[in-house]
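J.: sequence and predicted structure, then a few things I'm wondering about:
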Amino acid sequence: MRQGELLKLKWEDVDLERGSITIIQSKTLRRKTIAINEPARQALNWLQANRYGELLFMRPWGAPIGKVTVYDAFKRACGAVKIDDFRFHDLCIPSRLISSWRAWIWSLSEGIAWP
């Protein structure tokens, strides 16, 4: 999922019971359903319990979270789990996604520890 697609996610796009997120791809404008695993579901449950509006990623005062904030949080998350030379865009590549899962979850949950 691209960063812009992630930042535009609304709660209506998330189906926690079925374990999926549905998006309209920004490049192709096609509908895409993405399966979520249990750690991602737990992070989304936390986000939903602490939500501030219709978007998944919002500040407590209701403003959307921007790209710079995501960039900074992602860099801190990668540093926390000692992953170097890695960009947010690299998450689109499945083999690199596996190696960065802990950083991704940390970034999503803003510091919540996951096993």
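T.: Here it is on my side, so go on.
J.: going forward, measure contacts and count neighbours with C-alpha atoms only.
T.: Fine.
J.: what helix or strand is K32 located in?
T.: strand 31-35 (DSSP states H and E).
J.: and the contacts of that strand?
T.: If you take C-alpha atoms under 8 Å, 6 or more residues apart in numbering as the criterion, strand 31-35 is touched by 19-25.
J.: could you pull out the strands in the chain for me?
T.: Per DSSP state E, the chain carries strands over the ranges 14-15, 20-24, 31-35.
J.: which one, of those, ends up nearest to V68?
T.: Smallest distance to V68 across the strands of the chain (C-alpha to C-alpha): 22.0 Å, for strand 20-24.
J.: in the closest one, what counts as buried?
T.: For strand 20-24, the neighbour count (16 or more other C-alpha atoms under 10 Å) marks 20-23 as buried.
J.: what's the angle between that strand and strand 31-35?
T.: Calculated by axes from the mean of the first three to the mean of the last three C-alpha atoms, to 10 degrees, strand 20-24 forms an angle of 160 degrees with strand 31-35.
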